[in-house]
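Undergrad: Return atomic coordinates for the entry below.
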Amino acid sequence: MALQETIEQTVTGLGYELVEIERTSGGLLRVTMDMPYLAGTPADAVQFINAEDCEKVTRQLQFVLEVEGAEYSRLEVSSPGIDRPLRNEKDFERFVGELIDIILKAPIGVAASAGSTVSASRKKFRGALERAEPVGTQMGWQIVWSDEPAVKPGQKVGKNRIPAPLQALAFTLDEIQQARLAPVVDFKGRRPKSVADTSIET
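TA: Numbering: from 1, shown residues only. All right, here's what the predicted structure looks like:
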C-alpha cells in the first residue's frame, strides 16, 4: 500500500481529516490533520485539534508505519495552523468569508479588465473568499479585496477620503496552484476561526 494511502486510512480511521503529508530530505515525515468539517456547524461549536489528538494519531501511525516498513527518521503530527492549505471544494466551502492567499497556475492575463489596477502578469492574490457562479460542472469561487493602503496607528483619515474600489477575481480550483488561509493574527492573538497550532514530534 502506498504511504499516502496508509497514512490517510490511519488518520481517517481515527476520526480525523488528513490535510497534508510532507517528507523532507532529512527524513522528517510531517502529517497535518484536522477535525472533519460538517457543513452548517456553528462557529462556536467547531472543534480544533489538540495535543491529545496528535498523540493518539502519532502512536497509531508509528505502529502502522513500522508494520509497513516505511522509512523515516522522525514523525511529526500537527494541526494545520493559521496558514492552513485549502485543497478541495470542501475546504473552500468551510472557509467562505475568510481571508485567503492564492497563487494561480498562470498569470491573470486577459482577466485583468480594462481600467483595473491589476497587472496582467500577476499570479498572487489575497482577499476574502466568496462563492461565485458555477463554471460548467465546477463550483465557482472568487476573492474580493481592496487596494486601500493600510491605515497606520495614529494616522488621521480625512472625512472626504474616497475609499479604493473593491476588486474581485473569479476562479475555479483547476486554475489554482496553491491556496491557503492568510496567516493574519488579530489583537487577541489569533484569527476567530483559526485552528490551534499544535504538533507532536517523535
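
Undergrad: pLDDT-wise, which helix or strand of this structure ranks last?
TA: Ranked by mean pLDDT, DSSP states H and E, the weakest helix or strand in the chain is strand 199-201, scoring a mean of 64.

Undergrad: Name the single longest strand found in the protein.
TA: What stands out as the longest strand in the chain, according to DSSP state E, is strand 124-135.

Undergrad: Could you list the buried residues of it?
TA: 125, 127-129, 132 (16 or more other CB atoms under 10 Å). For every residue, glycine as well, the C-beta is placed using N, CA and C.

Undergrad: I'd like to know how far the nearest residue to Asp174 once chain neighbours are set aside sits from Ala128.
TA: For Asp174, ignoring the flanking residues on the chain, the nearest one in space by CB to CB, 6 or more residues apart in numbering is Gln138 at 6.9 Å. Counting by CB to CB, to the nearest Å, the gap between Gln138 and Ala128 amounts to 20 Å.

Undergrad: cool, and Asp83?
TA: Distance from Asp83 to Ala128, counting by CB to CB: 16 Å.

Undergrad: and if you look at Asn160?
TA: Spatial separation of Asn160 from Ala128 under the definition CB to CB is 26 Å.

Undergrad: before we move on, what about Ala106?
TA: Using CB to CB, one gets 23 Å for the distance from Ala106 to Ala128.

Undergrad: Going along the chain, name the strands of the protein.
TA: Using DSSP E, the strands of the chain run over 17-23, 28-34, 74-78, 99-104, 124-135, 138-146, 166-171, 176-181, 199-201.

Undergrad: What is the biggest helix by length in the chain packed up against?
TA: Of all the elements of type helix in the chain, the one with the most residues (DSSP state H) is helix 51-68. Judged by 3 or more CB pairs under 8 Å, 6 or more residues apart in numbering; DSSP states H and E, helix 51-68 is in contact with helix 3-13, strand 28-34, strand 74-78, strand 199-201.

Undergrad: Go ahead and produce PDB holding the CA coordinates of the longest one.
TA: Only the C-alpha atoms of helix 3-13 are listed here, as PDB (Å, rounded to 0.1, in the frame of the first residue of the first chain):
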ATOM      1  CA  LEU A   3       2.500   5.700   2.000                       C
ATOM      2  CA  GLN A   4      -0.200   8.400   1.300                       C
ATOM      3  CA  GLU A   5      -2.900   5.800   1.300                       C
ATOM      4  CA  THR A   6      -1.600   4.100   4.500                       C
ATOM      5  CA  ILE A   7      -1.500   7.400   6.400                       C
ATOM      6  CA  GLU A   8      -4.800   8.600   5.100                       C
ATOM      7  CA  GLN A   9      -6.600   5.400   6.100                       C
ATOM      8  CA  THR A  10      -5.000   5.600   9.600                       C
ATOM      9  CA  VAL A  11      -5.900   9.200  10.200                       C
ATOM     10  CA  THR A  12      -9.400   9.000   8.900                       C
ATOM     11  CA  GLY A  13      -9.900   5.700  10.600                       C
END
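
Undergrad: Please identify the buried residues of that helix?
TA: When burial is assessed from 16+ other CB under 10 Å, helix 3-13 yields the following buried residues: 6-8, 10-11.

Undergrad: Same question for stretch 32-45.
TA: Using 16+ other CB under 10 Å as the burial criterion, the residues of stretch 32-45 that qualify are 32-35.
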